[in-house]
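okay, here's the prediction I keep looking at, along with the sequence it came from:
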Amino acid sequence: MSEFKRIPPEQALALRAQGAVVVDIRDPQAFAAGHITGAKHLDNHSVAEFIRNADLDAPTLVVCYHGNSSQSAAAYLVGQGFSEVYSVDGGFELWRTTYPAETAQGTAE
């Protein structure tokens, strides 16, 4: 995969069940208020360490508020050598309404 793909929450749920890494790029307060269960919070301070420690071949799902900013972040990860990156259409807002039981609260995951 040389580019990221945009996928709906249903496909993201299936990939997550198969072990895909979920990264959330929203602000820390929004992440703490609610995020996809098991998601890692990424920001400008943590992205370098995440990339250093990541399995570049692992499927990676990128989530933002509504599915717009995640596209830029997904493209960035592809540029950093990740081979299988997906931007979740509708972002956390659509995920939360589609899969309310698949969300968590708190700052560290």
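Thanks, I have it.

and S87, how many neighbours?
24 (other CB atoms under 10 Å). Where you see a C-beta, it was placed from the backbone N, CA and C, and this is true even at glycine.

make sure it is indeed in a strand.
Yes. Under the criterion used here (DSSP: H, G, I helix; E, B strand; the rest coil), S87 sits inside a strand.

and S2, what's its pLDDT?
Looking at S2, its pLDDT reads 65.

equivalent analysis for T107, please.
Among the per-residue scores, T107 holds a pLDDT of 80.

with adjacent residues omitted, what lies nearest to it?
Nearest in space to T107, with sequence neighbours left out and distances taken as CB to CB, 6 or more residues apart in numbering, is A32 at 4.8 Å.

make sure the one you found is indeed in a strand.
No. With three-state DSSP as the criterion, A32 is helix rather than part of a strand.

V85 and V62 touch, don't they?
Yes. The pair V85 / V62 is scored as a contact, 6.6 Å apart, by CB atoms under 8 Å.

so what's in contact with the two at the same time?
Applying CB atoms under 8 Å, 6 or more residues apart in numbering, one finds that V85 and V62 are jointly contacted by F4, A74, L77.

out of those residues, flag the one nearest to P100.
Closest to P100 out of these is A74 (24.4 Å), distances taken as CB to CB.

can I get the shared contacts of V85 and V62 in CSV with neighbour count and secondary structure?
Converted to CSV, these look like this (neighbours: other CB atoms under 10 Å; DSSP: H, G, I helix; E, B strand; the rest coil):
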residue, neighbour count, secondary structure
F4, 23, coil
A74, 26, helix
L77, 24, helix
